[in-house]
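> Sequence unavailable; structure follows:
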């Protein structure tokens, strides 16, 4: 059985997509949970998560975060294979939303 672990973060999301995780050849990784936290000064924004270089066709999550303090937990259960990358960005308010991704990896033949 695969052991659950933190895959990336905590990291401040930016309006410029940044690679936060790169999978390793020979394993499948499941992104099981995504925790987004922001302080009371945070503006309304969308959290954007892409598998591969960020583009309309690679976005797997675009989740709205309201203004103000809050913690949000998402369960994407997305499987990342080969040497795929995960990129994270926000639609506004750079550096305020703090994001952590957790999941598990299994070796594949």
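Arrived safely, thanks for sending. Not measured: the values here are computed from a predicted model.

> for the chain, which strand is longest?
strand 27-38 (DSSP state E).

> Tell me the helix or strand right after that one.
Using DSSP states H and E, the helix or strand that follows strand 27-38 in sequence is strand 45-51.

> Against which helices or strands is that next one packed?
Identification of packing neighbours for strand 45-51 by 3 or more CB pairs under 8 Å, 6 or more residues apart in numbering; DSSP states H and E yields strand 27-38, strand 59-65, strand 85-90. Backbone N, C-alpha and C define where each C-beta goes, glycine included.

> if you set the cut-off to 6 Å instead, what comes out?
With contacts taken as 3 or more CB pairs under 6 Å, 6 or more residues apart in numbering; DSSP states H and E, strand 45-51 sits against strand 59-65, strand 85-90.

> now these in a markdown table, with distance to residue 16?
Converted to a markdown table, the helices and strands packed on strand 45-51 look like this (distance: least, CB to CB, whole Å):
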| stretch | distance to residue 16 |
| --- | --- |
| strand 59-65 | 15 |
| strand 85-90 | 6 |
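
> and the longest strand of the chain, which strands flank it?
strand 70-74 (antiparallel), strand 78-80 (antiparallel), strand 98-107 (antiparallel) (DSSP bridges).
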